[in-house]
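>>> Provide a 3D model corresponding to the input given below.
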Amino acid sequence: QVQLEESGGGLVQTGGSLRLSCAASGYIFSNYGMGWFRQAPGKEREFVAGISESGRATYYPDSVKGRFTISRDNAKNTLYLQMNSLKPEDTAAYYCATRDPRFIGAPRSIPHFRDWGQGTQVTVSS
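Okay, the predicted model is just below:
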């Protein structure tokens, strides 16, 4: 049974940093691309970072590029999201997800991902 468990969220001031983790189990983690998404109250879930199976390729939307860094440790079956220079608009629940292997390239849409975690809350105060 595939399980993804996010951790590391919390309350931080504007300009601060947080590192999120996503522990994966129940499948061969290194065989799958991964992604991070976020969802603020009243808004749609949006893509924030993606990474290839090996970790060599990463991609981001313009809204977080240069501030967020996605990485993975395949030996530990863990995905990370380092978030720097946080802004109040980054406040959201953050989710990790496994990329559906049927979709190649750099997918950013929810239907291209599966096996979602329960999320971890990030709140950035102004």
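>>> Could you use CA atoms for every contact and neighbour count after this?
Will do.
>>> can you give me the strands in the protein?
Secondary structure of the chain (DSSP state E): strands at 3-7, 10-13, 18-25, 34-39, 46-51, 58-59, 68-73, 78-83, 92-99, 113-114, 120-125.
>>> Neighbouring strands - and their directions - for the fourth one?
Taking DSSP bridges as the criterion, strand 34-39 pairs within the sheet with strand 46-51 (antiparallel), strand 92-99 (antiparallel).
>>> how big is the angle separating the last one from strand 18-25?
Orientation note: strand 92-99 sits at an angle of 40 degrees relative to strand 18-25 (axes from the mean of the first three to the mean of the last three CA atoms, to 10 degrees).
>>> For the worst-scoring helix or strand of the chain on mean pLDDT, which strands pair with it and how are they oriented?
Every helix and strand of the chain was ranked by mean pLDDT, DSSP states H and E. The lowest is strand 113-114, at a mean of 92. In the sheet containing strand 113-114, its partner strands are strand 92-99 (antiparallel), by DSSP bridges.
>>> Show me what the partner strand is in contact with.
Residues outside strand 92-99 that contact it (CA atoms under 8 Å, 6 or more residues apart in numbering) are 4, 6, 22, 32-41, 112-123.
>>> If any of those are buried, give me the PyMOL selection for them.
In PyMOL, a selection of the buried entries from the contacts of strand 92-99 looks like this (16 or more other CA atoms under 10 Å):
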select buried, resi 4+6+22+32+33+34+35+36+37+38+39+40+112+113+116+117+118+119+120+121+122+123
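>>> Centroid-nearest residue for the protein?
Centroid check for the chain by CA atoms, centre = their mean gives residue 36 as the closest residue, at 2.0 Å.
>>> Can you tell me how far that residue is from residue 126?
If you measure residue 36 against residue 126 using CA to CA, to the nearest Å, the figure is 24 Å.
>>> repeat for residue 68
Residue 68 is 19 Å from residue 126, by CA to CA.
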